[in-house]
Structure formats: C-alpha cells, structure tokens
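# Kindly generate the corresponding structure for this input.
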Amino acid sequence: MGKSVQKLTDNVSLIASKESWIEGLAIQQLIKTSELPGMYAVAGMPDLHPGRGYPIGAAFFTEGRIYPALVGNDIGCGMSLWQTNTKLAKLNVDKLAKRLSDVELPLDESWHTLISERKHELAITQTGFDSALGTIGGGNHFAEFQAIEEVFDQQALLALGLQPKQLQLLVHSGSRGLGQAILVKHIAEHNHDGLEVESGAFTDYMAKHDEALRWAQLNRELIARRFLQAIRAGGEEVLDVNHNLVSQSQIAGQAGWLHRKGATPSDQGAVMIPGSRGDYSYLVKPTVEQNVNLRSLAHGAGRKWKRGECQGRLSHKFKKEDLYRTAFGSRVICNDKTLLYDEAPQAYKDCQTVIDDLVDAGLVTVIAKLKPVLTFKTQGTCG
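Residues are numbered from 1 along each chain as shown. Here you go, the predicted model:
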C-alpha cells in the first residue's frame with residue numbers, strides 16, 4: 001500500500017494522501033461513527049465529506065447489527081453507463097440540447113408495458129412511487145453525455161464493449177422518494193439505533209431496502225432509455241453499480257454487514273468515478289486486494305463546499321449565464337438557479353486527485369478518462 005492509506009485509529013482507515021484536502025468535520029464524523037455498537041471497521045474514501053451526522057464517501061463494516069441511517073435516504077443511488085450508437089464525429093451539441101426539451105415530461109402510455117415487464121422481472125411490487133420512475137431528481141444527480149478522451153487500457157475497454165468514437169451516457173440517480181420513505185419510517189420507529197441481525201425489524205427493513213435497490217436500478221434504466229429516445233439513438237448498458245446500500249460481506253475472513261454511503265463497490269468489476277460537470281470522469285478497474293478499503297472506492301470527486309453557500313461564493317464572479325458552459329466547452333442544462341450554483345465545478349474537488357490517491361493506494365488502475373459533452377440536471381424553472 002502507498003502513502004495514500006492512513007490509519008486514523010485501530011478500526012478507521014482513510015484512503016487519502018496527507019496532501020489531499022479532507023474537511024476536519026468529515027474525519028470527526030468518520031471516527032465518531034466507528035464508535036457505534038457492533039462497528040468492526042470503517043474506511044473513508046478520497047472523496048470523503050461531511051453529511052448530516054454521518055460522513056459521505058465511506059464504508060462501514062458491522063457485526064451483529066446494521067444501521068439504516070448509514071445507508072441514508074437514497075437507497076440504491078448509483079451510476080449507470082450506457083454506450084450510444086451516436087458517432088462523435090456526427091455530433092451537434094446544440095441540436096442534442098434541443099432534443100432534450102421534453103425529456104422530463106411524465107412518461108406516457110407507450111412506456112407502461114416496458115415498466116410493467118421490468119417491474120415483474122425485477123420483482124418490484126411497490127406502486128406508490130411509479131410516477132417518479134425515469135426521473136433524475138435533485139442534488140448531485142444527473143444524466144451526462146460524455147466522450148472518451150483518453151484510453152489507458154485498450155484491452156479492458158474493449159472487453160467492456162466500449163468504442164472511443166461513440167457517445168457515452170452516464171446516469172447518476174437512485175430510489176427517489178421510495179428510499180426517503182423507508183428511512184423516515186425506520187427513524188420514526190427506531191431513531192438512529194441499529195437493528196439486530198435476524199430481528200423482525202431487520203428482516204422488514206432489508207426486504208424494503210432490497211426492493212429499493214431494484215427500483216433504483218430500474219429508474220436509471222428508464223432515465224437512460226428516455227434520453228436515448230429523445231436524441232433518437234440506440235444504446236446498450238455497459239455497467240450499473242449502487243453506491244448507497246448494505247449487504248452481507250466478508251472482510252479479511254470476518255463475516256458481517258457492509259454499509260456503503262457514497263462508496264462505489266470494488267468487488268463488481270469496472271466502475272465509473274465521475275468528476276463535476278466541468279471535470280473528467282474516470283473508468284477504473286479495481287485491483288485484487290480490497291480489505292483496507294472495505295471493498296469500496298470513491299463515488300466521485302467529493303464536495304468542497306456545502307450546498308447553499310455556493311451561490312454566495314460564486315455569484316460575484318459568474319453570472320447565471322456563465323455557468324451554462326464549462327471550460328471544456330460542454331453544455332449544461334439546469335434551469336434551477338440554486339442547483340446551477342450548488343453543482344458548479346468549483347464546489348467540487350479535482351477528480352484527478354481522488355483517482356491519484358486510489359491508484360497510489362494500489363486499489364485501481366485507470367481504463368479511460370471521459371470528458372463531459374452535455375450535462376443535464378433539470379429543465380426546472382429559473383430562480
């Protein structure tokens with residue numbers, strides 16, 4: 001392991017070099033969480049940043065109990081990468097943007113058969129949140145068309161079926177209101193206390209949790225399909241990975257429960273680690289030894305500034321109109337003024353430093369670097 005692995009306490013590791021900036025509050029939350037009953041090990045990722053009581057960008061391994069609050073309210077949030085059949089050489093970004101004008105309208109009846117079939121295949125019985133299927137949501141969720149900028153492992157890229165001359169689509173979303181409802185019910189009944197494994201409350205939560213994972217997977221699929229339909233293109237899913245979940249696992253021979261809160265699994269093959277809308281995203285391949293990081297990786301660049309303070313930091317430098325294009329020349333569609341500022345590239349860390357820490361720690365090799373072409377947040381309304 002390289003210098004990017006720090007041992008903070010006996011059961012807390014931080015995958016970040018000492019040169020990498022991590023907010024002190026995030027480290028405090030990481031150590032505080034390690035003191036919960038049944039907590040065996042905790043690992044912070046290079047994108048670690050403070051959350052509401054618990055840090056984001058971390059993995060937690062417990063024995064005998066689980067903590068739904070460590071999964072959070074967006075159960076199943078994750079990344080889905082699709083390759084379109086659109087050739088980059090023929091791409092007109094302005095035309096691409098115009099074709100997305102109606103992409104947030106409610107799904108019409110032509111989608112109902114597909115939704116019913118996929119819900120049946122995925123054993124999804126939940127119906128109360130169907131109106132949210134195929135919607136991105138707020139916060140840091142997005143759909144982004146990307147171009148492969150540089151290839152570092154041609155063989156791995158081809159094994160995934162990716163072609164550098166074709167447009168890619170990255171979708172970041174989760175279980176929307178369904179995950180929120182599950183967590184709210186849990187907190188109302190159990191506060192932030194953990195649930196003993198095999199208890200009735202544990203069984204009930206895990207059944208709902210697992211369905212929310214499948215719901216989130218379907219949501220990302222529908223988002224991708226409606227974006228492909230909007231730009232009149234075909235496409236194939238390359239990968240789909242959750243980064244907010246809890247699952248049975250074994251770490252260094254110890255059986256237990258692995259919670260990931262904004263942490264990408266490193267035991268499911270290649271994964272995407274996105275930057276901000278003005279930064280590169282990276283397709284990486286995990287290496288073999290993955291215990292020190294609890295079989296988890298960063299899920300993005302990580303926030304540098306809190307939401308709500310970004311407009312105050314940036315509005316004297318950038319007008320709203322300035323934020324609709326990035327330094328790459330890529331387009332941004334986001335007509336929610338607060339969100340436009342909150343998700344500005346300046347609010348995030350440099351993704352390259354996150355990747356460097358993971359590479360230095362011996363946890364990943366980079367397959368390819370991708371740059372944004374068009375990032376979609378919401379048509380929304382101007383604030």
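# before we move on, which element is the closest residue to A270 other than its chain neighbours in?
Of all residues beyond its chain neighbours, the one nearest A270 is K285 (5.1 Å), with distances taken as C-beta to C-beta, 6 or more residues apart in numbering. Bear in mind the C-beta positions are built from the backbone N, C-alpha and C, glycine included. K285 belongs to strand 281-286 when assigned by DSSP states H and E.
# Counting by contacts, list what that strand packs against.
Using 3 or more C-beta pairs under 8 Å, 6 or more residues apart in numbering; DSSP states H and E, the elements in contact with strand 281-286 are strand 271-273, helix 351-360, strand 364-378.
# show me the contacts for the nearest residue to R176 once chain neighbours are set aside.
Counting by C-beta to C-beta, 6+ apart, A132 is the residue found nearest to R176 once chain neighbours are left out, at 4.3 Å. By C-beta atoms under 8 Å, 6 or more residues apart in numbering, the residues touching A132 are R176, G177, L178, N219.
# Narrow those to those in helices?
The subset of those located in helices under the criterion DSSP state H comprises R176, G177, L178, N219.
# Would you map the helices across the protein?
According to DSSP H, the chain carries its helices in the segments 24-33, 68-71, 93-98, 112-121, 154-159, 176-190, 200-230, 310-314, 337-342, 351-360.
# Give me whichever of these is most buried.
Each of the helices of the chain was given a mean neighbour count from mean count of other C-beta atoms under 10 Å, and the largest, a mean of 26, is that of helix 68-71.
# hmm, who's touching it?
With contacts defined as C-beta under 8 Å, 6+ apart, helix 68-71 is touched by 33, 53-54, 60, 182-183, 186-187, 190, 192, 195, 205, 209, 244-246, 259-261.
# confidence score at G253?
Here the pLDDT value assigned to G253 is 92.
# swap in the one 4 residues further on?
Taken from the predicted model, the pLDDT recorded for W257 is 98.
# circling back to that earlier point, out of the helices of the chain, which comes closest to S281?
The closest of these to S281 is helix 351-360. By C-beta to C-beta, the value is 7.1 Å.
# which outside residues touch that closest one?
Contact partners of helix 351-360, identified using C-beta under 8 Å, 6+ apart, comprise 2-4, 15-17, 20, 45-47, 273-276, 279-282, 284, 297-298, 300-302, 364-366.
# For the residue positioned nearest the centre of the chain, give its distance to N219.
What sits nearest the mean C-alpha location of the chain, by C-alpha atoms, centre = their mean, is G78, with 4.1 Å. Remark: distance between G78 and N219 (C-beta to C-beta, to the nearest Å) = 10 Å.
# okay, and the common contacts of these two?
Counting by C-beta under 8 Å, 6+ apart, the contacts common to G78 and N219 are S173, G174.
# so which of the helices of the chain comes closest to L323?
Closest to L323 of the helices of the chain, according to C-beta to C-beta: helix 337-342, at 5.3 Å.
# and stretch 211-223, C-alpha only, in CSV?
Once side chains and other backbone atoms are set aside, the C-alpha atoms of stretch 211-223 remain, and they are given as CSV (Å, rounded to 0.1, in the frame of the first residue of the first chain):
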residue,chain,number,x,y,z
GLU,A,211,-36.6,-3.7,-3.3
ALA,A,212,-35.4,-0.1,-3.3
LEU,A,213,-32.1,-1.2,-4.9
ARG,A,214,-34.0,-2.9,-7.7
TRP,A,215,-36.3,0.2,-8.0
ALA,A,216,-33.2,2.5,-8.3
GLN,A,217,-31.8,0.2,-11.0
LEU,A,218,-35.0,0.4,-13.0
ASN,A,219,-35.1,4.1,-12.5
ARG,A,220,-31.6,4.6,-14.0
GLU,A,221,-32.6,2.3,-16.9
LEU,A,222,-35.7,4.3,-17.7
ILE,A,223,-33.7,7.6,-17.5
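# roughly how far out does that stretch sit from the chain middle?
From the chain centre to the centre of stretch 211-223 is a distance of 13 Å (C-alpha atoms, centre = their mean, to the nearest Å).
# Run through who's touching that stretch.
Counting contacts by C-beta under 8 Å, 6+ apart, the residues outside stretch 211-223 that touch it are 74-80, 107, 111, 114-115, 118-119, 122-126, 129, 132-136, 143, 171, 173-176, 178-179, 182, 237, 240, 242, 245.
# and Q168, how far is that from C351?
Noted for Q168: a distance of 16 Å to C351, by C-beta to C-beta.
# among the helices of the chain, which is nearest D322?
The minimum distance between D322 and the helices of the chain falls on helix 310-314, with 9.2 Å, by C-beta to C-beta.
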